[in-house]
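> just coords:
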(Lines give C-alpha, C1' and ligand atoms only; values in the text may rest on other atoms or scores of the structure.)
Protein backbone atom coordinates (compact mmCIF):
# COMPACT_ATOMS: atom_id res chain seq x y z
CA UNK A 1 0.00 0.00 0.00
CA UNK A 2 1.10 3.56 -0.66
CA UNK A 3 1.18 4.45 3.06
CA UNK A 4 4.01 1.94 3.61
CA UNK A 5 6.26 3.25 0.81
CA UNK A 6 8.27 5.58 3.07
CA UNK A 7 9.20 2.52 5.16
CA UNK A 8 10.52 0.44 2.26
CA UNK A 9 14.10 0.64 1.02
CA UNK A 10 16.59 -1.32 -1.08
CA UNK A 11 20.20 -2.14 -0.21
CA UNK A 12 21.76 -3.04 -3.57
CA UNK A 13 25.13 -4.80 -3.74
CA UNK A 14 27.19 -6.11 -6.63
CA UNK A 15 29.29 -9.15 -5.67
CA UNK A 16 30.59 -9.50 -9.24
CA UNK A 17 30.45 -7.20 -12.27
CA UNK A 18 27.09 -7.44 -14.02
CA UNK A 19 25.36 -9.18 -11.11
CA UNK A 20 23.31 -7.43 -8.45
CA UNK A 21 21.67 -8.58 -5.25
CA UNK A 22 18.64 -6.47 -4.40
CA UNK A 23 17.07 -7.04 -0.99
CA UNK A 24 13.83 -5.24 -0.15
CA UNK A 25 13.75 -4.08 3.46
CA UNK A 26 10.99 -2.71 5.64
CA UNK A 27 12.17 -0.08 8.11
CA UNK A 28 12.43 -1.53 11.61
CA UNK A 29 12.93 -5.13 10.47
CA UNK A 30 16.43 -6.52 10.41
CA UNK A 31 15.85 -9.21 7.78
CA UNK A 32 14.92 -8.43 4.16
CA UNK A 33 11.34 -9.28 3.23
CA UNK A 34 12.40 -10.15 -0.31
CA UNK A 35 15.74 -10.66 -2.04
CA UNK A 36 16.40 -11.10 -5.73
CA UNK A 37 19.51 -11.61 -7.85
CA UNK A 38 19.60 -9.69 -11.10
CA UNK A 39 22.00 -10.02 -13.99
CA UNK A 40 22.42 -7.16 -16.44
CA UNK A 41 22.28 -9.53 -19.41
CA UNK A 42 18.94 -10.96 -18.28
CA UNK A 43 17.43 -7.49 -17.89
CA UNK A 44 18.69 -6.39 -21.30
CA UNK A 45 17.27 -9.59 -22.84
CA UNK A 46 13.83 -8.95 -21.29
CA UNK A 47 13.73 -5.54 -22.93
CA UNK A 48 15.19 -6.58 -26.29
CA UNK A 49 13.57 -9.98 -26.88
CA UNK A 50 10.41 -9.90 -24.79
CA UNK A 51 9.77 -6.15 -25.05
CA UNK A 52 9.14 -6.11 -21.29
CA UNK A 53 9.93 -2.86 -19.51
CA UNK A 54 8.85 -3.83 -16.00
CA UNK A 55 10.09 -6.54 -13.68
CA UNK A 56 7.59 -7.77 -11.09
CA UNK A 57 9.31 -8.49 -7.77
CA UNK A 58 6.20 -9.55 -5.85
CA UNK A 59 5.95 -6.43 -3.65
CA UNK A 60 7.20 -3.86 -6.17
CA UNK A 61 7.67 -3.44 -9.90
CA UNK A 62 10.96 -2.18 -11.29
CA UNK A 63 11.07 -0.13 -14.46
CA UNK A 64 13.89 -1.99 -16.23
CA UNK A 65 15.35 0.93 -18.25
CA UNK A 66 15.36 3.18 -15.17
CA UNK A 67 16.80 0.42 -12.96
CA UNK A 68 19.59 -0.17 -15.50
CA UNK A 69 20.35 3.57 -15.59
CA UNK A 70 20.48 3.70 -11.77
CA UNK A 71 22.74 0.65 -11.52
CA UNK A 72 25.07 2.06 -14.17
CA UNK A 73 25.21 5.46 -12.47
CA UNK A 74 25.88 4.06 -8.98
CA UNK A 75 28.18 1.15 -9.75
CA UNK A 76 30.22 2.66 -12.58
CA UNK A 77 31.68 5.14 -10.07
CA UNK A 78 33.31 2.38 -8.02
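Okay, I see it. Everything quoted here is computed from the prediction, not taken from an experiment.
> same for the helix or strand where residue 62 lies, what does it pack against?
Here residue 62, judged by DSSP states H and E, is contained in strand 61-63. The contact analysis (3 or more CB pairs under 8 Å, 6 or more residues apart in numbering; DSSP states H and E) places strand 61-63 against strand 54-56. Just so you know, the C-beta spots here come from the backbone N, C-alpha and C atoms, and that holds for glycine as well.
> which strands border the strand it packs on, and is each parallel or antiparallel?
Here strand 54-56 has these sheet partners by DSSP bridges: strand 61-63 (antiparallel).
> what's the spacing between the strand it pairs with and its chain's center?
8 Å (CA atoms, centre = their mean, to the nearest Å).
> could you identify the helix or strand that succeeds that strand?
helix 64-75.
> give me the residues contacting that next one.
Identification of contacts with helix 64-75 by CB atoms under 8 Å, 6 or more residues apart in numbering yields 12, 14, 20, 40, 43, 44, 46, 47, 52, 53, 54, 55.
> list the buried ones in the strand holding residue 62?
residue 62 (16 or more other CB atoms under 10 Å).
> stretch 63-78 now?
Buried, per 16+ other CB under 10 Å, within stretch 63-78: 64, 67, 68, 71.
> distance of the first one relative to residue 74?
It stands for residue 64. For residue 64, the distance to residue 74 (CB to CB, to the nearest Å) stands at 16 Å.
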